[in-house]
Each structure stands twice: as C-alpha cells, then as structure tokens.
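Trainee: predicted model, plus sequence, below.
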Amino acid sequence: MPETEELIDAALTAVRGRDVRLAERQLDRLVVGAGGPDAAAEVDAALLRRLIRDVGRLWPRGWQPADLSRLAHRRLGPRPARLLHDVMAAQRRELPNPVPRWWDEQLRELDARVWWTEDGGYLAAWAARAGIDRVTALREAVDALALVVALPPIAVLRPPPGATAARPATGPAPGGGSRILDRVRALLAKAESTTFPAEAEALTGKAQELIARHRLDDALLAAEEQRSDLPGGVRLSTDAPYAGAKALLVQEVAAANGCESVWSDDLGFATVLGWPADLDAVELLYTSLLVQATAAMLAGRSERRAGGGRRTRGYDDAFLNAFALRIGERLRAATAAANQQAAQEAGAERLLPVLAARGEAVREQLETLFPGVTRSRLTVRDAEGWASGTAAADRASLDVGDAEGARQVRGGRRGRR
C-alpha cells in the first residue's frame, strides 16, 4: 500500500538523518502501520520487498554477498547482519539465470537461505527466532535498509549475475593448484601453532617458495595456452584495531606475489588485484601472517610488562607495522630466489617477458578500476614497538636488508571511483 511505503520512507529518512527522537517517532508510526487488521503484515512484507530491491541494486555496483555481510557485521552487529543474509537469500530467487557458482558459494558460506514460509510473515518469524520484540526487529530492519541505500559504488571485481562483461580470471588455476595450496595451508597451520618464532619463519618462508614456484609454472602454462582471462580481485578485511597496519600487511604480501592492493579504509577492506593463483596465495598468507603477527605482538606485550614497561596503542601499532615490512622483505626475497631458479631452468628469455606482461596487465586493471587512487603515509611513533616488531619478524636471521621507517599504502577515495 502507498501509505505503508510512505511510512517506511519516513522512518528511513529519519534514521539516515541521525535525529534520534524523530527516528523513534517514525518507528512508532511504523509499528502501528497504516491501520487495519493486516497492518503489521503489510509493513513486514513491504519492508522485506524494499530490502530485497535495494540489496539487488548493490550487485551491479560492485558489491558481493561476502562484502555486504562483512560491512554489516562491522557497522550493525551480528543480528542485523544475519537479517541481511536472509534478505540476500530471498533476493537470490529474483536473480536471472545462470547464476555464477562463486555467487552461490558465498551465500552458502554465509548460511544465507530461505527458512521462512511466506514473506509476509518473515519479520515476525525472524524476531521470534532472534528472541526480540517487534519494535527491535523493525528498528534493526530499518537500520539495515539505511546501511544498504547509503553504500557507494565499489570496483566490480567479478561480473554479477546477469552481466555479460568480459570475465576476469576467477577460478582455481589449472594444473593442480589446489594440491599446492593444500601443502601451503599445512605449512602455514604449523607456523601458526608453533611456539618457536624461528620455526614459524622457516615454515612461512617455505610456503612462500611453494607459492612462488607455482605462480611461475602457472604463468608459463597460461602463456602456452594463450588464455584470454583478465586479472581478478579479492577483498580482505582490514577492520580496526590497527587497520593501517593490516592494510600494510596486505600490501606487502600482495607485492611479493605479483599483485596490487588498494585500501578502502572507510569500508574496512583492502582490494587485491592479480591472477587466480596469486590471489589465493595472498589470501592464505595474509590470514596466516595476521595470526602470527598478533601472537607475536601479545608475546611482546608480556615481555614488555616483565621489563617494567606498559602496553600502549602506539607500541602495538608500531609493532605490527614493523612486522609487516620485515615479512614483506622476506617474502620478496623468497620470490626473487624462485624467479632466479626458474629463469635458469626455463630460460630467462622465455620467463621474463611472461612475468612482465602479467604484471603490466595487473597494473592496467588497477588503473581501470581505481583511477582516483591516492597514497597515504603511515606514521610510526613508538621506537620500542618498531624494534620489537622487526625482531619478531626476523628471528630466523635471514639477510634480506634493512627495514624502512615508513611505507606508503594506496588508499582509494570513495568519491573518485
């Protein structure tokens, strides 16, 4: 009914305007509805329809189910995020066939499925399932809608369902890439679980060697098969605390594996562009190294307290930035060694042009998707944290050069996309 839609619009406008009192008044009106015995059901059905419509408008603007879920958890919390999972499941019914397999895989990972019997009773069923009252359910549904309608366009990394654009390279690399990644996962799991820093560094270094060799094999195979794929992309979370240090870690891991990264600090993620084998490697390494860095930072805190120092945010931030830079140097050293060995085996005249062409393709994709990229400098103010972070990433005593005092991280400006 038009009256119901007007009530939803009024509540949405009030929430987006951040006038708490007005928002509560409009919410009260939404609870009552437009009148009549079916007013509540009409509001529920209209609100779900509006959510489905506006969520569907995100997909051509670059958003993916995993992106929306991550941001909803960050800004709204777990319960409204689960509501949006339901909305995505309902919206899936309206997508044109064929729907890409990766899309349904993301929905499955989010456990996004239609579990309710009919849309008119969804919100009441969700409130009962969540153990909340109707007012809270309506408030959180309107908050979720306000988030969805305010999201800006972001880079389209994969054509959404129904699109006919040129396909980026997105699937697993041919030639047994999964077996290599399984070995890498096993090495990184050991690195995360060991209590000996030198062992963790050695295991991570071995994982990077495997990754680098697989990357070179895939590059040569792609050149022989004359594949027409474009570089693809993934988004990695860089939520607070220490978002800048996490973005730096993403950049260092990406650079060591032939990828480019752009940090969208306002949205809490970094976008990594590259070829499938490289993107898989970056995601695995970043996830593992973040675990290792956090563990090393906590151990450093304990040592600092034992020595009479106290934990500060500046110390932690400096620690993680130094860790990221030193790890990046180590990963690049492992990659360079693998490149040199592969050039000797396959012939530099055969390998180097292939690597140069793939690197140029990634840079072109960066310029296409992020024409408004700027650079922001990370500033480190705690010398003790810097020294401890460098030492934590350098326990294996590999000679890979001196750490830098700062490093620039690309950051995308939302208004220039």
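Mentor: It's in. Residues are numbered from 1 along each chain as shown.
Trainee: any low-confidence regions in the stretch 251-400 of the chain?
Mentor: Scanning the stretch 251-400 of the chain for pLDDT under 70 picks out the ranges 303-311, 377-384, 386, 389, 391-400.
Trainee: which residues in it form helices?
Mentor: 276-306, 313-346, 348-369, 383-392 (DSSP state H, counting those that start in this stretch).
Trainee: and for the stretch 51-200 of the chain?
Mentor: Applying DSSP H, counting those that start in this stretch to the stretch 51-200 of the chain gives helices spanning 65-75, 78-92, 101-109, 122-130, 134-150, 177-193, 197-225.
Trainee: before we move on, which element is the spatially most central residue of the chain in?
Mentor: Taking Cα atoms, centre = their mean, the centroid of the chain lies closest to Leu236, which sits 2.5 Å from it. Per DSSP states H and E, Leu236 falls inside strand 232-237.
Trainee: what's the angle from that strand to helix 65-75?
Mentor: 20 degrees (axes from the mean of the first three to the mean of the last three Cα atoms, to 10 degrees).
Trainee: wait, the residue nearest to the centre of the chain touches Val250, no?
Mentor: Yes - look at Leu236 against Val250 with Cβ atoms under 8 Å: they come within range, at 5.5 Å. Where you see a C-beta, it was placed from the backbone N, CA and C, and this is true even at glycine.
Trainee: overlap in contacts of these two?
Mentor: By Cβ atoms under 8 Å, 6 or more residues apart in numbering, Leu236 and Val250 have these common neighbours: Ala270, Val272, Val282, Tyr286.
Trainee: these: which two are farthest apart?
Mentor: Greatest spacing in the shared contacts of Leu236 and Val250, by Cβ to Cβ: Ala270 and Val282 (9.9 Å).
Trainee: about what we covered before: can I get the helices of the stretch 51-200 of the chain in CSV with distance to Leu47?
Mentor: Converted to CSV, the helices of the stretch 51-200 of the chain look like this (distance: least, Cβ to Cβ, whole Å):
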stretch, distance to Leu47
helix 65-75, 16
helix 78-92, 10
helix 101-109, 21
helix 122-130, 6
helix 134-150, 5
helix 177-193, 42
helix 197-225, 47
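Trainee: return the set of buried residues in stretch 352-359.
Mentor: If you call a residue buried by 16 or more other Cβ atoms under 10 Å, then stretch 352-359 has these buried ones: Val354, Leu355, Arg358, Gly359.
Trainee: with stretch 209-227 instead?
Mentor: If you call a residue buried by 16+ other Cβ under 10 Å, then stretch 209-227 has these buried ones: 209-220, 222-223.
Trainee: identify the residues contacting the closest residue to Val156 other than its chain neighbours.
Mentor: Nearest non-adjacent residue to Val156, counting by Cβ to Cβ, 6 or more residues apart in numbering: Gly62, 4.5 Å away. By Cβ under 8 Å, 6+ apart, the contact set of Gly62 is Pro153, Ile154, Ala155, Val156, Leu157.
Trainee: hang on, the earlier thing: residues in contact with the residue nearest to the centre of the chain?
Mentor: So Leu236 contacts Val250, Phe269, Ala270, Val272, Val282, Glu283, Tyr286 (Cβ under 8 Å, 6+ apart).
Trainee: closest one to Glu24 out of those residues, please.
Mentor: Nearest member of the contacts of Leu236 to Glu24, counting by Cβ to Cβ, is Phe269, at 32.4 Å.
Trainee: I'd like the distance between Val55 and Asp111.
Mentor: The gap separating Val55 from Asp111 is 17 Å, by Cβ to Cβ, to the nearest Å.
Trainee: next, count neighbours for the nearest residue to Leu107 once chain neighbours are set aside.
Mentor: Nearest-residue entry for Leu107: Pro65, 5.6 Å, with adjacent residues in sequence omitted and distances by Cβ to Cβ, 6+ apart. Using other Cβ atoms under 10 Å, the number of residues around Pro65 comes to 26.
Trainee: was I right about Pro65 contacting Ala112?
Mentor: Yes - with contacts counted by Cβ under 8 Å, Pro65 reaches Ala112, the gap being 6.7 Å.
Trainee: now do the shared contacts for the two.
Mentor: Counting by Cβ under 8 Å, 6+ apart, the shared contacts of Pro65 and Ala112 are Met88.
Trainee: wait, doesn't Gln91 sit right on Gly56?
Mentor: Yes - at 5.1 Å, Gln91 counts as touching Gly56 under the criterion of Cβ under 8 Å.
Trainee: what about those two, which has more around it?
Mentor: Using other Cβ under 10 Å as the criterion, Gln91 and Gly56 rank with Gln91 on top: 23 against 19.
Trainee: excluding chain neighbours, what is closest to that one?
Mentor: Gln91's closest residue in space is Ile52 (Cβ to Cβ, 6+ apart), at 4.7 Å.
Trainee: show me the contacts for the one you found.
Mentor: Shown in contact with Ile52 (Cβ under 8 Å, 6+ apart): Val87, Ala90, Gln91, Glu94.
Trainee: pull out the buried residues from the residues you listed.
Mentor: Val87, Ala90, Gln91.
Trainee: need those residues in JSON lines with distance to Gln292 and pLDDT, can you?
Mentor: Formatted as JSON lines, the buried ones among the contacts of Ile52 follow (distance: Cβ to Cβ, whole Å; pLDDT from 0 to 100):
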{"residue": "Val87", "distance to Gln292": "36", "pLDDT": "98"}
{"residue": "Ala90", "distance to Gln292": "40", "pLDDT": "98"}
{"residue": "Gln91", "distance to Gln292": "38", "pLDDT": "98"}
